[in-house]
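> Dropping a prediction and its sequence here:
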Amino acid sequence: MNRRTLLGLTGGFALHGTRLAMARAPHAGAGDARFAVVLLRGAMDGLSAVQPYADPAFAALRGALALPEPGREGGLLDLGGSFGLHPALRRMHALFAAGQFLPVHAVAGPYRSRSHFDAQDFLESGAGQRLTSGWLNRALGAMRGNGPARPGLAVGVDVPLLLRGPVRVGSYAPPGAGQVETGTLAHLATLHQADPLLGPAFMEGLRARGFSAAILAGLAPTPGNRNGFMALAGAAGRLMAAADGPRVAALEMGGWDTHAGQQGRLSATLGELDTGLDALREGLGAAWQHTAILVVTEFGRTVRINGTGGTDHGTGSAAFLLGGAVAGGRVIADWPGLSTLFEGRDLMPTRDLRGLAKGLLRDHLRLPIAALDLAFPDSQATAPEAGLLRT
């Protein structure tokens, strides 16, 4: 268990209520546009979420993680040929059919780190180095215009680095947001397993609360079908939908570090993401038509399946864009192929995550180029991605 997981766990135990600190969103710069960033902590396997089944090397490299092609029993959801969406993402597939979901493949940040802690900091700072502020907070500085100083909102038990910085932001944690994720409990169970005293006691405590071995492995739903991310996302949508609510939000979801037993665990986690993003859509209501959501992770996972049925830390992954303002219904990918791998093990990244974020800041929030350069220092060589939004 890394440092960030431990901090998140202690934060969850410390939460006893909700916190709400926000003010009227500014009208200058943002207008009716809503923008949310969802951080997937732990490194989502983009090759499982959006499978390049037409790549001739894919099936052999992926082994049991390669699902049947679209149209076959238990198969992928068709994304127009070449790529298929994991069947756990059926709500996102419906948005794809409606032209409101846009997967982007073979993407990565400007860094090459296999450390969760470093890569998450780099992802949120917007640079290949540690900074004390996040790129979304620095971008908010260009939105301040008229009105009070809290245009951004962190939804969860903590304010992520992404939203920390000189611009004051609000924070809100809905009831139950401090619930510990099943993935974290599984990590703790593994760590305590060899201890003759703590191991049995910890497992007995989990069983008493309805967490079986199958649930911890991601092979069965959590007790009561809990989905903490769905509660966070639904709350974010309702707050952003308000006429005087925030226009920019950040939230996060863990449980993506699938070193073992990935097939069952990832299916459950993708299902939680799917229902959560749909709750965000429902919460936004009519404001959905003016919304763009960017879903990103710190890095991808290895192309080859490992000996425990999982994958290890990699490089290239997938990102998701969705919302009524997004020009979806297609897959964006400068596909490098899987015959040549980055460092002999990873999907080769061909797109920079900063380009996606810069394109949304410029074309959706209408921020000037100077604001993009401030948000992403030393990124002038990475142009804002065009064509991400409906005209």
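Happy to help now that I have it.
> what's the single longest helix in this protein?
helix 262-284 (DSSP state H).
> Between helix 262-284 and the helix or strand following that one, find me the angle.
Next along the chain after helix 262-284, taking DSSP states H and E as the criterion, comes strand 291-297. Comparing the axes of strand 291-297 and helix 262-284 via axes from the mean of the first three to the mean of the last three CA atoms, to 10 degrees yields an angle of 160 degrees.
> Alpha carbons only: can I get strand 291-297 in PDB?
The C-alpha coordinates for strand 291-297 follow below in PDB (Å, rounded to 0.1, in the frame of the first residue of the first chain):
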ATOM      1  CA  THR A 291     -20.800  20.000 -19.800                       C
ATOM      2  CA  ALA A 292     -17.500  18.400 -20.700                       C
ATOM      3  CA  ILE A 293     -16.000  15.800 -18.400                       C
ATOM      4  CA  LEU A 294     -12.400  14.600 -18.600                       C
ATOM      5  CA  VAL A 295     -11.500  11.200 -17.000                       C
ATOM      6  CA  VAL A 296      -7.800  10.500 -16.600                       C
ATOM      7  CA  THR A 297      -5.400   8.200 -14.900                       C
END
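> Start the count at 59 instead of 1 going forward.
Done: numbering now begins at 59, and the last item shifts to strand 349-355.
> Strand 349-355 and the helix or strand just after it, what's the angle between them?
Moving toward the C-terminus from strand 349-355, the next helix or strand (DSSP H and E) is strand 375-380. Angle between the axes of strand 375-380 and strand 349-355 is 170 degrees (criterion: the same axes, to 10 degrees).
> Neighbouring strands of strand 375-380 in the sheet, and parallel or not?
strand 159-166 (antiparallel), strand 349-355 (antiparallel) (DSSP bridges).
> got the contact list for the shortest one?
Outside of strand 349-355, the residues within contact range by CB atoms under 8 Å, 6 or more residues apart in numbering are 91-102, 104, 181, 298, 314, 331, 335, 338, 342, 375, 377-384, 411, 414-415, 418, 422, 446-447. Yep, even glycine has a C-beta here, placed from its N, CA and C like the rest.
> what distance separates that strand from the centre of its chain?
On the basis of CA atoms, centre = their mean, to the nearest Å, strand 349-355 sits 7 Å off its chain's mean C-alpha point.
> Give the rounded mean pLDDT of it.
Strand 349-355 carries an average pLDDT of 98.
> just stretch 311-321 next, same as before
If you average the pLDDT values across stretch 311-321, you get 94.
> can you list the domains in this protein?
61-237+284-433, 240-282 (automatic domain parsing).
> So which of those domains is nearest Pro442?
domain 61-237+284-433 (3.8 Å; CB to CB).
> Can you get me a residue count around Gly413?
19 (other CB atoms under 10 Å).
> what about it, distance to Arg448?
According to CB to CB, to the nearest Å, Gly413 and Arg448 sit 19 Å apart.
> Mind jotting down where the strands sit in this protein?
With strands called from DSSP state E, the chain shows them at 92-98, 108-109, 135-139, 141-143, 159-166, 210-213, 228-230, 306-311, 349-355, 375-380, 409-410.
> Show me what the third one pairs with in its sheet, parallel or antiparallel.
Its sheet considered, strand 135-139 pairs with strand 141-143 (antiparallel) by DSSP bridges.
> cool, and the second one?
Within its sheet, strand 108-109 is paired with strand 141-143 (antiparallel), according to DSSP bridges.
> and the partner strand, which residues are buried?
Residues Phe141, Gly142, Leu143 are the ones in strand 141-143 that count as buried (16 or more other CB atoms under 10 Å).
> Okay, and the beta partners of the last one?
Taking DSSP bridges as the rule, Leu143 bridges to Val108, Leu135.
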